[in-house]
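Participant: sequence first, predicted coordinates after that:
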Amino acid sequence: MSSEISIRTAKPDDLPILLTFEQGIITAERPYDHMLKPDPISYYDVGALIEAEDAEVAVAELDGKLIGSGYAKRKASRHYLTPDEHAFIGFLYVDPDHRGKGVNQLVLDHLFAWAKDNDLPEVHLTVYPDNAPAVRAYEKAGFENYLLELRINLDEQQSSFPETPVLSHQA
């Protein structure tokens, strides 16, 4: 008897397992972002995404057990870009026991089909650049670097800036 991974749209009944997947994502990403608040935190409103008409939450299932997830959501593109809207993908998670078996690609294929069916030819996602396994997985799926978002925390970097001169106005 062979087991086959199936991909389907998530149902509200899936929410308890999906919330554990979300915590798995947060645990995996915490080393890449010291700005994350202490646990417990949540990235997504998974229940709202399941119910939303402008989003698709997909789950990978094997022998009646959920082993992976992801979502695609319609988002407005920056006003100066085409197309006007794109699909934004997130919540990609694969149970550690099932990694390396193509589960992520199956979920992505489902989400890509949803995007095409919803006239969204462009697909975006965000990933921590130091998360090499995730970056490799997304590049393998066909994603390319597009924009690089940089940040600076002025409270943390204060000592590296010269003193701001005090300007006075003399008559």
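Facilitator: That came through, no problem.
Participant: C-alpha from now on. contacts and neighbour counts both.
Facilitator: Fine.
Participant: residues in contact with the longest strand anywhere in the chain: which ones?
Facilitator: Counting residues, the longest strand found in the chain (DSSP state E) is strand 65-76. Under the criterion CA atoms under 8 Å, 6 or more residues apart in numbering, residues 17-18, 21, 49, 54-61, 84-95, 98, 103-104, 107-108, 111, 114-115, 120 lie in contact with strand 65-76.
Participant: in what helix or strand does L49 lie?
Facilitator: helix 46-51 (DSSP states H and E).
Participant: and that helix, which residues are buried?
Facilitator: V46, G47, L49, I50 (16 or more other CA atoms under 10 Å).
Participant: report the backbone C-alpha coordinates of it in CSV.
Facilitator: C-alpha atoms of helix 46-51 as CSV (Å, rounded to 0.1, in the frame of the first residue of the first chain):
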residue,chain,number,x,y,z
VAL,A,46,-4.7,31.7,10.1
GLY,A,47,-8.4,31.4,10.9
ALA,A,48,-9.2,34.6,9.0
LEU,A,49,-7.0,33.5,6.1
ILE,A,50,-8.9,30.3,5.9
GLU,A,51,-12.2,32.2,5.7
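Participant: helices or strands up against the next helix or strand after that helix?
Facilitator: Elements were assigned by DSSP H and E; along the chain past helix 46-51, the next helix or strand is strand 55-62. Packed against strand 55-62 by the contact rule (3 or more CA pairs under 8 Å, 6 or more residues apart in numbering; DSSP states H and E) you find strand 6-9, helix 46-51, strand 65-76, helix 103-117.
Participant: may I see the buried residues of strand 55-62?
Facilitator: A55, E56, V57, A58, V59, A60, E61.
Participant: just stretch 60-80 next, same as before
Facilitator: In stretch 60-80, counting by 16+ other CA under 10 Å, buried: 60-61, 66-75, 77.
Participant: pLDDT weak spots in this structure?
Facilitator: 1-2, 158-171 (pLDDT under 70).
Participant: please repeat the previous calculation with a cut-off of 50.
Facilitator: Residue ranges of the chain with pLDDT under 50: 1.
Participant: next, the spatially most central residue of the chain: secondary structure please.
Facilitator: The centroid of the chain falls nearest to G90 when counting by CA atoms, centre = their mean (2.6 Å). Of the three states, G90 takes strand under DSSP: H, G, I helix; E, B strand; the rest coil.
Participant: mind checking how far it is from V135?
Facilitator: Plainly put, G90 is 13 Å away from V135 if you go by CA to CA, to the nearest Å.
Participant: with N153 instead?
Facilitator: N153 is 24 Å from V135, by CA to CA.
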